[in-house]
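# Need coordinates for the following:
(chains A and B)
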Amino acid sequence: MKHLRKVNGTAERLMANASFTIADGASPLIYAAGEWTLDGGIIEIDPEIRRFAETTLDKPLTIDMAKVEALDTSGAMILQRTMQACGARTDRDQPLKGFVNVSEHHRILLEQACEHLVSCEVPERPASFLIVLERVGKGTEEILDEALHILSFVGAVIARMADTFRHPRRFRLTSVVYHMETSGLDALFIVGLMSFLIGAVVAFMGATVLADFGAEVFAVELVGISVLREFGVLLTAILIAGRSGSSFTAAIGSMKLREEIDAMRAMGIDPLDALVVPRVVALLIAVPCLAFVSAVLGLIGGGAVCALALDIPPALFMARTQEIIVIDNFVVGMVKAPFFAFAIGVIGCYHGMMVESSAEDLGRRTTIAVVQSLFLVILTDALFAVFFMELDY
Amino acid sequence: MAPENVIEVRGVTNQFGSHVVHQDLDLEVRKGEILGVVGGSGTGKSVLLRTIVGLQVPKAGRVEILGKTIYPREASAKELNEDIGILFQDGALFSSMTVAENVMAPLREYHHDISDKLAQEIAGMKLSLAGLDADVGQKMPSDLSGGMRKRVALARAMAMDPAILFLDEPTAGLDPISASKFDELILGLKESLGLTIFMVTHDLDSLYRDCDRVAVLADKKVIINAPLDEVQQLNHPWIQEYFGGPRGRAAQGAKLAFGSA
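I've put the predicted structure just below:
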């Protein structure tokens, strides 16, 4: 006596869904029917037939193809896989062993499936504490490695820049001016606006707190010192890191991907000379200028709030500002600008030069470049703060 | 019985700014054939391919694939994309995915419920069909040679068992041995899977060996779409120069040797 089980795919189709009926006898027999294609529901019946194959190991199987209306490579693959799993272990000379009632078109597909029955299994990664340790270790090593790389890159850039003094003709003035425009002049408006607003906010917040002590008028000192010493230059650096640092990485990185850098090297052009030095020099010039504008607009912002909201007339604002040793604070602020500029330029170009192989990597490097240059800017700023404090400046 | 057309292009005009690439262009591709599309640089071979698959919207005309109207737009992109596979010139593999994931991407897109195991089995089979070992699956596209990248791209193009394969210069940039193997592969796939293949190519050997018919793009039109023998007879300066040049004659000689061997 035979037990018949029928398994149906469920995809909605005009033709019959893929299905199979198992006749359990001494040797199992499968009646395949319907549309054995990806759209015909083989995905739904795949687990079922897989389970069948696992429970029917090593029994010669027969598959009846008479009712199969359509077959694609995936369907043929599933049928062949089942056949092989069930002990037919067909040798490649007899790809149709075990199949009956095979039409001409299906024969070719089944033969192909037999020949190419390989799975590219993804090895599962064991999740364990060791893996975490391994990744921490790798990450640490990478950070140290990268720090060394960056140092050597900094050295190389400085050497190339020094070299341009000996060979001034190699200096790419056009390129420098172009980058001064895109990184400096084009950022002027946003830097100025930001500083103006920050100056205004500092004045306003400071005055509100100081009013409790009846010392409202010290808002002027607050604005003057904070804007000249810190905010002006720091805001500029942060903005330039986000704006130009990332664009340096992206531009150089995509040139690297398209082998433009290799083409340059092959022509005997040093990419450091052609790409990196002009960008760094442009920032070295542009960032201090922007920082200056930023400081001035910060003061104007503070002054505007003082005049409009705090009843401190501009004349008084000016007079008090001049009292707070403007020049010292201004110098402290401006001295930092070229250092920030150098850090941003070098980090941006470094990550661009390190882009390898894929668009994915380019995106990753761009992010790292911005984060790292911001980090370096803040770090440098902190070091300068300690330095000037020790100097009592 | 008249041969069935799987692709019909009628009166297509493509224009970029004031530059007219195609003017009133007609083309048909028959079921189960390999059509080679040739033409000088800038005659819009790739633009034609992009127009047919719906990546480029023509200024005028009508494009039908497998009875579905691509332009004026009626069929949704998804409906169409299941029936066609495209091999882009440089493979256009997704660089953030492994080779296996690349091949599985269309499967997962169209069949969300597919199990990992089945997807891997299908991907393995397609890679094998494209002539690659299954262990390539774990590599990243950037680790592969140009020839292998094309094979992976072919495997990905075939993932959904498309009825029509579009190949944009499949053998460009391959060494002669790889190119010849790629030709064999394409012929074999056509035989075994009954594919229709639309192939833009500059490779004269591929033309002689693979193509059932050849469409020549010149003067903003398809000037002839016929078996190679007829194309060579046509008295058109570009065609005479193309097939009559030293490279054309060499490929023809190779074909004769190949045929008699």
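
# Only C-alpha atoms from now on, for both contacts and neighbour counts.
Noted.

# How much space separates A:Val191 from chain B?
A:Val191 sits 36 Å away from chain B, going by C-alpha to the nearest C-alpha, to the nearest Å.

# Contacts only, for A:Leu275.
A:Ile252 (C-alpha atoms under 8 Å, 6 or more residues apart in numbering or on different chains).

# same check, this time on the one 10 residues further on
Shown here is A:Ile285, whose contacts under the criterion C-alpha under 8 Å, 6+ apart are A:Met180, A:Pro338.

# Please give the element, helix or strand, for it.
Per DSSP states H and E, A:Ile285 falls inside helix A:277-309.

# Next, the buried residues of that helix.
A:277-307 (16 or more other C-alpha atoms under 10 Å in any protein chain shown).

# what about residue 118, how many residues close to it?
Picking chain A for this. 23 (other C-alpha atoms under 10 Å in any protein chain shown).

# My question was about chain B, not that one.
So B:Leu118, with other C-alpha under 10 Å, has 21 neighbours.

# Same check on B:Ser95?
16.

# Pop out the phi and psi values for it.
phi -70, psi -10 (degrees, to the nearest 10).

# Can you verify my assumption that it contacts A:Asp361?
No: taking contacts as C-alpha atoms under 8 Å, B:Ser95 lies outside contact range of A:Asp361: 9.2 Å.

# quick one, domains of chain A?
Domain ranges of chain A: A:3-115, A:137-390, per automatic domain parsing.

# would TSV of the ones you listed with distance to A:Ala127 be doable?
Listed next are the domains of chain A as TSV, based on distance: least, C-alpha to C-alpha, whole Å:
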stretch	distance to A:Ala127
domain A:3-115	26
domain A:137-390	16
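
# among the ones you listed, where is the model least confident on average?
Among the domains of chain A, domain A:3-115 has the lowest mean pLDDT, at a mean of 73.

# roughly how far is that one from the heart of the chain?
45 Å (C-alpha atoms, centre = their mean, to the nearest Å).

# Can you identify the element that follows the helix holding A:Ile285 toward the C-terminus?
According to DSSP H and E, the helix or strand after helix A:277-309 is helix A:314-323.

# Does anything pack onto that next one? Which helices or strands?
Other elements packing on helix A:314-323 under the criterion 3 or more C-alpha pairs under 8 Å, 6 or more residues apart in numbering or on different chains; DSSP states H and E are helix A:219-226, helix A:277-309.

# do you know which of the ones you listed lies nearest A:Arg81?
When those are compared by C-alpha to C-alpha, helix A:277-309 sits nearest A:Arg81, at 59.7 Å.

# Spatially central, which residue of chain B would that be?
Note on chain B: the residue nearest the mean C-alpha position is B:Leu167, at 2.0 Å, using C-alpha atoms, centre = their mean.

# Tell me who's in contact with that one.
For B:Leu167, the contact set (C-alpha under 8 Å, 6+ apart) comprises B:Ile86, B:Leu87, B:Phe88, B:Gln89, B:Ile197, B:Phe198, B:Met199, B:Val200.

# On the three-state scheme, the fourth one is what?
Read it as B:Gln89. Assigned by DSSP: H, G, I helix; E, B strand; the rest coil, the conformation of B:Gln89 is coil.

# pLDDT wise, what is the closest residue to it other than its chain neighbours at?
Leaving aside its chain neighbours, B:Gln89 sits nearest to B:Asp168 (5.1 Å; criterion: C-alpha to C-alpha, 6 or more residues apart in numbering or on different chains). Looking at B:Asp168, its pLDDT is 86.

# could you point out which element follows the helix or strand hosting A:Ser152?
Assessed by DSSP H and E, A:Ser152 sits inside helix A:129-166. Downstream of helix A:129-166, the first helix or strand assigned by DSSP H and E is helix A:173-179.

# Determine the set of other helices and strands touching that next one.
If contacts are counted by 3+ C-alpha pairs under 8 Å, 6+ apart, helix A:173-179 sits against helix A:277-309.

# So what's the gap between the helix it packs on and the chain middle?
Centre to centre, stretch against its chain (C-alpha atoms, centre = their mean), the figure for helix A:277-309 is 30 Å.

# Surely B:Pro72 touches B:Val63?
Yes: counting by C-alpha under 8 Å, B:Val63 is a contact partner of B:Pro72 at 7.4 Å.
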